[in-house]
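In: Need coordinates for the following:
(chains A and B)
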Number of protein chains: 2
Amino acid sequence: MLVAEIDETEPNEPSADDKMPRTERGRRTARKLIDAAALEFGEHGFHDASITGITRRAGTALGSFYTYFSSKEEIFHALVEDLTSKVVETSAIEDEPARPMLDREREISLRYLAFAREHKEIYRIIDQCEFVEPEGFRNRYELIAQRIFERLQDGIARGELRSDLTEAHAWAIMGMSSMLGLRYGSWGNDESLDEIADIANSLLRDGIALPQGKAD
Amino acid sequence: MLVAEIDETEPNEPSADDKMPRTERGRRTARKLIDAAALEFGEHGFHDASITGITRRAGTALGSFYTYFSSKEEIFHALVEDLTSKVVETSAIEDEPARPMLDREREISLRYLAFAREHKEIYRIIDQCEFVEPEGFRNRYELIAQRIFERLQDGIARGELRSDLTEAHAWAIMGMSSMLGLRYGSWGNDESLDEIADIANSLLRDGIALPQGKAD
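Out: Numbering: from 1, shown residues only, chains lettered A, B, ... in the order given. Model (predicted):
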């Protein structure tokens, strides 16, 4: 599930670098194949997906596939890297020191929810990594949690967040975003994502308890 | 991922009822097969798992398998139902009206974390439902979120929680538990689960912001 904010390639994973297209036309074909792979893996899952299913959806010849990718594993890896880098963009928001940290977190939430709604297949693809490349699956989560933890530490340093926040808080926040993205992004169509981002943000700001002695 | 709090069987799913063991010895064999299936599916995934792999791990004859289950799909479904009912038990805590609602939530978190640590394969199995039985996958999440939302409504009625809590809050809380269970239960060994339950609970109580005008 989820999401990533990484641009590193995991060590020991297949790399398509040596086959990367060098011409504009080649880049378009590789792009078409990766987009087709998103549909094929999203619909059938890794095991039942086929290379011919991908080339049929892309409208390319089988030979074109092997110009850019050497196997189903390799295009799956390229697809996951591609989705990952798109998710990274959702949290790449200019850090403005004057802007409250939690306002920035709200914008990151909203951008992620919108991304999940637009790329409904993302959970079905990322969850397959758990079997297809388990180390990469775990590394992605760890790196995202690390990025969130770094933002929390910024917020502490700026005197906006509680000073006792830990890595586990970052994992909890990642889980919250991930599940809201699944429910209201990937599965949802009608709910206002602004409202969902507000809810996630208010949970981070205040929790859910009715403060003692304070009227609701 | 996660977790479930349901005891209903989804409609249109294969049912093993007609083959359910009637003797104590039969129950023990079916139990051994389901425990073996957890290891087989957890290690290889649904597609690469095999019935002979399951019977080999269980130390039973192939014929015994077909006495209780008619297919790999059916034992997978039985396994998911079994894990689900075990997770249900983790949240089945007596509701004591005198006990603060968030204390009860902390105990539920801790029990779930301990369950995930003891059943490390659970995420790898439940996540496979996304492809093997996608309707069941979604139904389980929806039912758990519904259960959490009911507890939130109890807390509101008792004047302990903010009155503006919605279903989306329940999904956010489920996501938090699920991710902490993956990281510190399923993947973890050394971290104190008491501390993780405290962190999740304090996030629910107070959020992460440093209250304005209040010393940390």
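In: so residue A:181 touches residue A:113, yeah?
Out: Yes. In this structure, residue A:181 is within contact of residue A:113 by C-beta atoms under 8 Å, at 5.8 Å. C-beta coordinates here come from the backbone N, C-alpha and C atoms, glycine included.
In: neighbour count winner among these two?
Out: The neighbour comparison of residue A:181 against residue A:113 (other C-beta atoms under 10 Å in any protein chain shown) goes to residue A:181, with 32 against 25.
In: what about that one, distance to residue A:158?
Out: Noted for residue A:181: a distance of 27 Å to residue A:158, by C-beta to C-beta, to the nearest Å.
In: And residue A:28, by the same measure?
Out: Look at residue A:28 and residue A:158: by C-beta to C-beta, they are 44 Å apart.
In: Please apply the same query to residue A:122.
Out: Distance from residue A:122 to residue A:158, by C-beta to C-beta: 32 Å.
In: neighbour count winner among the two?
Out: Neighbour tally, residue A:122 and residue A:158, criterion other C-beta under 10 Å: the higher count belongs to residue A:122, 26 against 12.
In: Name the nearest residue to that one, sequence neighbours excluded.
Out: In this structure, residue A:122 finds its nearest non-sequential neighbour in residue A:83, 5.6 Å apart by C-beta to C-beta, 6 or more residues apart in numbering or on different chains.
In: now that neighbour: how far from residue A:42?
Out: 10 Å.
In: joint contacts of these two?
Out: Jointly contacting residue A:83 and residue A:42 under the rule C-beta atoms under 8 Å, 6 or more residues apart in numbering or on different chains are residue A:125.
In: in what helix or strand does the residue nearest to residue A:122 lie?
Out: Residue A:83 is located in helix A:72-91, with elements delineated by DSSP states H and E.
In: Show me which residues of that helix are buried.
Out: By 16 or more other C-beta atoms under 10 Å in any protein chain shown, the buried positions in helix A:72-91 come out as A:72, A:74-84, A:87-88, A:90-91.
In: just stretch A:197-213 next, same as before
Out: Within stretch A:197-213, the residues that count as buried by 16+ other C-beta under 10 Å are A:197, A:199-210.
In: what do you get for stretch A:49-68?
Out: A:49, A:51, A:53, A:54, A:55, A:57, A:58, A:60, A:64, A:65, A:68.
In: now the end-to-end length of it.
Out: Length of stretch A:49-68, first residue to last, C-alpha to C-alpha, to the nearest Å: 18 Å.
In: so how far is stretch A:166-185 off the chain centroid?
Out: 11 Å (C-alpha atoms, centre = their mean, to the nearest Å).
In: can that stretch be found next to chain B?
Out: Yes. Applying C-beta under 8 Å from any C-beta of the partner chain, one finds stretch A:166-185 in contact with chain B at A:166, A:168-169, A:171-180, A:182-184.
In: Could I get the average pLDDT for that stretch?
Out: Per-residue pLDDT values over stretch A:166-185 give a mean of 97.
In: Also stretch A:52-59?
Out: Mean pLDDT, computed over stretch A:52-59, is 97.
In: quick check, it touching chain B?
Out: No. Judged by C-beta under 8 Å from any C-beta, stretch A:52-59 and chain B are separated, with a smallest distance of 15.1 Å.
In: Name the residues that touch that stretch?
Out: Contacts of stretch A:52-59 (C-beta under 8 Å, 6+ apart): A:29, A:32-33, A:35-37, A:39-40, A:44, A:61-62, A:64-65, A:75.
In: Export the helix holding residue A:83 to PDB, keeping only CA atoms.
Out: C-alpha atoms of helix A:72-91 as PDB (Å, rounded to 0.1, in the frame of the first residue of the first chain):
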ATOM      1  CA  LYS A  72       7.700  -8.700 -16.700                       C
ATOM      2  CA  GLU A  73       9.700  -8.200 -13.500                       C
ATOM      3  CA  GLU A  74      11.600  -5.300 -15.100                       C
ATOM      4  CA  ILE A  75       8.600  -3.400 -16.300                       C
ATOM      5  CA  PHE A  76       6.800  -4.000 -13.000                       C
ATOM      6  CA  HIS A  77       9.800  -2.400 -11.200                       C
ATOM      7  CA  ALA A  78       9.900   0.500 -13.700                       C
ATOM      8  CA  LEU A  79       6.200   1.100 -13.100                       C
ATOM      9  CA  VAL A  80       6.600   1.100  -9.300                       C
ATOM     10  CA  GLU A  81       9.500   3.500  -9.600                       C
ATOM     11  CA  ASP A  82       7.400   5.700 -11.900                       C
ATOM     12  CA  LEU A  83       4.400   5.700  -9.500                       C
ATOM     13  CA  THR A  84       6.800   6.400  -6.600                       C
ATOM     14  CA  SER A  85       8.300   9.400  -8.200                       C
ATOM     15  CA  LYS A  86       4.800  10.800  -9.000                       C
ATOM     16  CA  VAL A  87       3.900  10.400  -5.300                       C
ATOM     17  CA  VAL A  88       7.100  12.100  -4.300                       C
ATOM     18  CA  GLU A  89       5.900  15.100  -6.300                       C
ATOM     19  CA  THR A  90       2.800  15.300  -4.100                       C
ATOM     20  CA  SER A  91       4.900  16.100  -1.100                       C
END
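In: I appreciate the help and will end here.
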